[in-house]
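In: Pasting the sequence and the predicted model now:
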Amino acid sequence: GGGEVSLPKGLGQAAVVGADATYTPDGRLALRDLSLDLDGNTLQGAADLVMADVPEVTAQLSAGALSFPGLDSPVESSGSGAGSAPDGWPKEQIDASALSAFNGTAVLTFQSLSAAGYNLGESKLTFTLDRARAVLKAQPATMFGGQVTGQVVANNRNGLSVGGKLSFNDIQLEQALGQTAGYDRLHGAALGEIEYLGVGNSVDAIMRSLSGKGWLEAGKGFFTGFDLEDLMRSGSGNGGSTVFEQLTGSYTIANGNLQNNDLLVIIKGLRAEGAGRIGLGARDLDYRFTPTLQGADGGAGLSIPVAITGPWSAPKIRPDLKSALQPQIDEIEQEAKDRVREKLSEELETEIPPEQD
C-alpha cells in the first residue's frame, strides 16, 4: 500500500534482499545477516526498522565498490568546468523533502564509491537524520586523492541550509576545487581546514550566500592559464602555466565571496604575495598577485603586481604597472617636497614644518 517509489539507479530500482527477519506486533523489524543487492551494489550488515508515521532506521553496513550513476552533480550540470560557458550555478529549486522521509542512523564502510561526480576510496561514513536535519560524518573519507575528516550538514527544518566543518590532508586541489566549485586551474597536494554555511533553495542561492573561513598549505604544484615568468618578462602571460614550490594562505567567506589577504607563493627565482576576492557565487575574480624578482645580491628586486580579473572561465591577466610604480612615485614626490622645504627654510631664514603647506 506504499504506492510507487522512484529511486535513482544504484539505490534499488531492482533489489534483492535477504536476511534473518524478526517482526514484532508493535511494528519493529529486525534484520540480521542482511544482504542487499541494489542495482548491482552489494552490501552486508544489520538493520532495525520501526514502522511509524515517520519510520526510524538504524543500520550498520559494509560494501566493496558502490556506484550510483543516477545521482547528478550540481557542479557538472551547471557547466562550470574550465572552458565552458559561464552560465552560472543552477537556479532550479532543490527538492529536499526526502530529508523528512525517516529518522535514524546508518554507519557505512566501503572500499570505493562513485556518486554525483564524486569518487571516494576506502572510507567510513556515519549518516544521521533527525527531523529533516541530515549530518554526514567522515571518519575519515578517502577522496580527491587524500583524506577528509569532519562533517557536512543539510538542514530543511526551516528552509534549506547546508554547512560543514572539514579538515583535509594530501588532497589534489584540481580534483577538490574542480568537483566542488568548478575551478580546475590550481594543481598540487594540500592540507588545511574549511568551515562554511550556505542558505537557499537552489545551488545558485546557496553559493551566493556562503559564509565561512579556512586555510590551506600546498607543496610543489602549478597554476594553469598564465605564465608568471613570461608575464614579468614580456607583459603577456595568458596561457601556459606557473610552477610553484610552496603555497600558503588563509581566507574568510561572506555573501558568496572568498577574501584572501595573505597568500604566499614561492616560485623559483621569485616570491609572490596575493590578496583579493574570489566570487564563489558570481564565479568571478578580482585578485592581485605581487611577484618580486630576487635581486643579484640575493635581496628583493623588482616587483610588478599582476591583476587577475573577470570570470573563472576566461580571466584577464595583465601587469598592474600603475600599482608597481606608485611606491617609486610617492618616494620621489616626498623627496622633492623635502628639498623644497629645506630651500624655502634657507631662503626665508625660518624653519617650515612638514605639516605646513
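Out: Thanks, I have the structure now.

In: what residue ranges in the stretch 251-357 of the chain score low on pLDDT?
Out: Under the criterion of pLDDT under 70, the regions of the stretch 251-357 of the chain flagged as low confidence span 294-301, 321-328, 355-357.

In: show me where it has strands.
Out: For the stretch 251-357 of the chain, the strands defined by DSSP state E, counting those that start in this stretch occupy 257-267, 270-279, 284-294, 300-303, 306-311, 316-319.

In: Could you list the buried residues of the last one?
Out: When burial is assessed from 16 or more other CB atoms under 10 Å, strand 316-319 yields the following buried residues: 317-319. For every residue, glycine as well, the C-beta is placed using N, CA and C.

In: Check the third one too.
Out: Counting neighbours by 16+ other CB under 10 Å, one finds that the buried residues in strand 284-294 are 284-285, 287-293.

In: hang on, the earlier thing: between the buried residues of strand 316-319, which is nearest residue 125?
Out: Using CB to CB, residue 317 is the member of the buried residues of strand 316-319 that lies nearest residue 125, at 40.1 Å.

In: ok so, going back, need the max-distance pair from the buried residues of strand 284-294.
Out: Across the buried residues of strand 284-294, the two members that end up farthest from each other (CB to CB) are 284 and 293, 29.0 Å apart.

In: and residue 46, how far is that from residue 63?
Out: Relative to residue 63, residue 46 is positioned 14 Å away (criterion: CB to CB, to the nearest Å).

In: If you count surrounding residues, which of those two has more?
Out: Between residue 46 and residue 63, counted using other CB atoms under 10 Å, the more crowded position is residue 63 (18 against 15).

In: give me the element the more buried one is part of.
Out: With secondary structure defined by DSSP states H and E, residue 63 is part of strand 56-68.

In: Give me the helices and strands touching that strand, please.
Out: With contacts defined as 3 or more CB pairs under 8 Å, 6 or more residues apart in numbering; DSSP states H and E, the secondary structure elements packing on strand 56-68 are strand 41-50, strand 103-115.

In: Run through the protein and note the low-pLDDT ranges.
Out: Along the chain, the model assigns pLDDT under 70 to residues 1-2, 73-87, 229-239, 294-301, 321-328, 355-357.

In: can you tell me which helix in it is longest?
Out: If each helix of the chain is counted by residues according to DSSP state H, the longest one is helix 321-348.

In: Start from the N-terminal end of the stretch 1-150 of the chain and give the helices.
Out: 74-77 (DSSP state H, counting those that start in this stretch).

In: So residue 190 versus residue 277, what's the distance?
Out: From residue 190 across to residue 277, the span is 21 Å (CB to CB).

In: So for the two, which sits in the more crowded spot?
Out: Comparing residue 190 with residue 277 by neighbour count (other CB under 10 Å), the higher total belongs to residue 190, at 22 against 16.

In: Tell me which residues touch the more buried one, please.
Out: 168, 170-171, 173, 176, 216-218, 247 (CB atoms under 8 Å, 6 or more residues apart in numbering).

In: what helix or strand is it on?
Out: Once you assign secondary structure using DSSP H and E, residue 190 falls within strand 186-199.

In: Does anything pack onto the helix or strand following that strand? Which helices or strands?
Out: Proceeding N to C from strand 186-199, the next assigned helix or strand is helix 203-209, under DSSP H and E. Helices and strands touching helix 203-209, by 3+ CB pairs under 8 Å, 6+ apart, are strand 186-199.

In: Tell me the buried residues in the strand it packs on?
Out: Judged by neighbour count using 16+ other CB under 10 Å, the buried positions of strand 186-199 are 186-192, 194, 196-199.

In: ok, those residues vs residue 154, which is closest?
Out: Proximity of the buried residues of strand 186-199 to residue 154 (CB to CB) peaks at residue 198, which lies at 10.2 Å.

In: wait, which of the buried residues of strand 316-319 is closest to residue 273?
Out: The shortest separation between residue 273 and any of the buried residues of strand 316-319 is 15.3 Å, and it belongs to residue 319 (by CB to CB).

In: ok, back up a step: with distance to residue 130 added, can I get the buried residues of strand 186-199 in JSON lines?
Out: Converted to JSON lines, those look like this (distance: CB to CB, whole Å):
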{"residue": "186", "distance to residue 130": "37"}
{"residue": "187", "distance to residue 130": "40"}
{"residue": "188", "distance to residue 130": "38"}
{"residue": "189", "distance to residue 130": "36"}
{"residue": "190", "distance to residue 130": "33"}
{"residue": "191", "distance to residue 130": "32"}
{"residue": "192", "distance to residue 130": "30"}
{"residue": "194", "distance to residue 130": "24"}
{"residue": "196", "distance to residue 130": "21"}
{"residue": "197", "distance to residue 130": "19"}
{"residue": "198", "distance to residue 130": "20"}
{"residue": "199", "distance to residue 130": "19"}
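
In: No further queries at this time; thank you.
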